[in-house]
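1. A structural model of the following input is requested.
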Amino acid sequence: MPTVGARKQKHVPQRTCIVCGKKAAKGEFMRVVATTGNAVQIDETGKLPGRGAYVCKDVHEAPGQIKKSRIEYALRTKMEDDDWARLVTVMR
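-> Have a look, this model is predicted:
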């Protein structure tokens, strides 16, 4: 039974980075989303519709770890080369 005056902690959603596997609060990651038109982009607001995956904001420190196939698998889509080039540019 909770004590009187004790505040209940608010739930913080946890997410996993698809590059390194780190688990942390949702706000510590950037969201990559595959939109309904099969375009892949960075979701700055975290609210775009479509299948999303999370990547560490400091992924630019390990650029060799970013794999196109891993992101395609997580988003369940195939990426065009120009989408991939744009995504890597934004992540770095």
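2. ok, for Lys68, nearest residue in space, not its chain neighbours?
-> Leaving out its chain neighbours, the residue that sits closest to Lys68 by CB to CB, 6 or more residues apart in numbering is Trp84, at 5.3 Å. Every C-beta, even on glycine, is put in place using the N, C-alpha and C of the backbone.
3. apologies, that question was intended for Lys23.
-> Distances taken as CB to CB, 6+ apart put Thr16 closest to Lys23, at 5.1 Å, once the chain neighbours are dropped.
4. looking at this, that neighbour is in a strand?
-> Yes: applying DSSP: H, G, I helix; E, B strand; the rest coil, one finds Thr16 inside a strand.
5. that one is in contact with Tyr54, isn't it?
-> Yes: between Thr16 and Tyr54 there is a contact at 6.7 Å, judged by CB atoms under 8 Å.
6. these two - which one has more neighbours?
-> The neighbour count for Thr16 versus Tyr54, taken as other CB atoms under 10 Å, is higher for Tyr54 (23 against 14).
7. for the nearest residue to Arg31 once chain neighbours are set aside, give its distance to Ser69.
-> Once flanking residues are discounted, Arg31 sits nearest to Asp43: 4.1 Å by CB to CB, 6+ apart. Applying CB to CB, to the nearest Å, the value for Asp43 to Ser69 is 21 Å.
8. picking that back up, need the contact list for the residue nearest to Lys23.
-> Going by CB atoms under 8 Å, 6 or more residues apart in numbering, Thr16 touches 22-23, 54.
9. residue closest to the middle of this protein?
-> Residue closest to the average C-alpha location in the chain (CA atoms, centre = their mean): Tyr54, at 1.5 Å.
10. which outside residues touch the one helix or strand it maps to?
-> Element membership for Tyr54 (DSSP states H and E) is strand 51-56. If you take CB under 8 Å, 6+ apart as the criterion, strand 51-56 is touched by 15-20, 22, 26, 28-34, 43, 66, 71, 74-77, 91.
11. could you list which of those residues belong to strands?
-> Among the contacts of strand 51-56, the ones falling in strands (DSSP state E) are 15-16, 29-34, 43.
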